[in-house]
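Provided below are the primary sequence and the corresponding predicted coordinates.
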Amino acid sequence: MIELRHLRKAFGGKPAVHDLSLEVRKGEIFGLLGHNGAGKSTTLGILLGQVFPDAGEAFINGVSVQRERAQALAKTGAIFEAPRFYDYLSGWRNLEIYTSYSAHVPKDKIAEAVEIVGLTKRIRDKVGTYSQGMRQRLGLAQALLPENELVLLDEPTNGLDPEGIHEMRLLIQRLNREHGITVLFCSHLLVEVEQLCDRVAILNQGHKVFDGRWAELESDRRQVRLEVDEWEKAETILRRIGGLSIMERGVVTVDKTFDIAEIVTCLVQGGVRVRAVEPQRRNLEEIYLTITHHGIPPLAER
């Protein structure tokens, strides 16, 4: 669905994207991760034809965005940065105006998009009365029209409360699952991307430092949190167990193949009461920090 070939872009001599190549498959939710200034928005701008690369080319469905922009974006919608609307007009009228810029969209198609994003009851109200979450939903409805197959989302949960973030995540999953829409999800909220995306690319200062299934980044070791009555006594017993290292009070690391039941058995046999044993799964935030702060070079330089 998306192919980026050796994209380069600099602003004022400062590189924003450095030799970026990437593929997004049709029908998947793909995550593009990175801190502010990592190159995510520049990449989306190139994909939307709003930023022209210094080198390289972007393709959507095999069509070059740089050479045939209208054809490439014919089935592409986007929430790029914060969605903007006319606050004194209704949500419905806003959608009519924005869709008229690109193509005539029948009213029943607009109504279908509104229903998908859950705004049917409020779509005739002025946008000025909408919450931030409702504005994001309206932006998503706009991105779906007319009958788009690809949606590019730039920080779509920005400014939302926890409930709004949860609702937006479910909505994106529903669009992908029920309507087959391909989603490129750009965010610095790594936990959100972990829950949404199976495959990810991580950008750091314009370089791609990882591209693949995020599970591939997991360490060969995992952490286990222990809750015991006598930690000092437990620590003495744990130090005798092979394949186990003590990280801090109540936290140990073990090999992936290690049987955690062995920890409980040894502690109980040693006279220590075990109240809880909880495996700690590494999240994307920890993985991202490991990559970007420990000198791992960009893929292009390996």
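Great, that's in hand.

domains in this protein, as residue ranges please.
2-215, 219-281 (automatic domain parsing).

most packed of these?
Comparing these by mean neighbour count (mean count of other C-beta atoms under 10 Å), domain 2-215 ranks first with a mean of 18. Every residue, glycine included, has its C-beta placed from N, CA and C.

Next, the distance between the ends of that one.
22 Å (C-alpha to C-alpha, to the nearest Å).

Mind checking what secondary structure the residue lying closest to Val272 once chain neighbours are set aside has?
Nearest residue to Val272 in three dimensions, chain neighbours excluded: Ala234, at 4.7 Å (C-beta to C-beta, 6 or more residues apart in numbering). Secondary structure, DSSP: H, G, I helix; E, B strand; the rest coil: Ala234 is helix.

Next one: Ala234 from Leu190, what distance?
33 Å (C-beta to C-beta, to the nearest Å).

Quick one: low-confidence residue ranges for the stretch 151-300 of the chain.
218-220, 281-286, 288-300 (pLDDT under 70).

bridging residues for Leu203?
Judged by DSSP bridges, the bridge partners of Leu203 are Lys208.

Pretty sure it sits against Asn36.
No. Between Leu203 and Asn36 there is no contact under C-beta atoms under 8 Å: 11.1 Å.

Which parts of the stretch 101-250 of the chain are strands?
In order along the chain, the stretch 101-250 of the chain carries the following strands (DSSP state E, counting those that start in this stretch): 150-154, 182-187, 199-204, 207-213, 221-228, 244-248.

quick one, the third one and strand 207-213 angle?
Right, the one you point to is strand 199-204. Calculated by axes from the mean of the first three to the mean of the last three C-alpha atoms, to 10 degrees, strand 199-204 forms an angle of 170 degrees with strand 207-213.

which residues touch the residue nearest to Ser64 when sequence neighbours are not counted?
Closest residue in space to Ser64, ignoring its immediate chain neighbours: Glu57 at 5.6 Å, by C-beta to C-beta, 6+ apart. Taking C-beta atoms under 8 Å, 6 or more residues apart in numbering, we find Glu57 in contact with 4-7, 64-67.

and of these, the nearest to Glu194?
Taking C-beta to C-beta as the measure, Leu4 is the one of the contacts of Glu57 closest to Glu194, at 22.6 Å.

Could you give the bridge partners of that closest one?
Leu22, Ala58.

Quick check: it touching Leu22?
Yes. Applying C-beta under 8 Å as the test, Leu4 and Leu22 come out as touching, 4.3 Å apart.

Distance check, Arg225 against Arg275.
Distance from Arg225 to Arg275, by C-beta to C-beta: 11 Å.

Adding distance to Lys109, write the strands of the stretch 101-250 of the chain out as a markdown table.
Formatted as a markdown table, the strands of the stretch 101-250 of the chain follow (distance: least, C-beta to C-beta, whole Å):
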| stretch | distance to Lys109 |
| --- | --- |
| strand 150-154 | 16 |
| strand 182-187 | 19 |
| strand 199-204 | 30 |
| strand 207-213 | 35 |
| strand 221-228 | 48 |
| strand 244-248 | 55 |
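
Asp108: which of those strands is closest?
Of all these, strand 150-154 comes closest under C-beta to C-beta, at 20.3 Å.

Which elements pack onto the closest one?
helix 40-47, strand 76-79, helix 132-144, strand 182-187 (3 or more C-beta pairs under 8 Å, 6 or more residues apart in numbering; DSSP states H and E).
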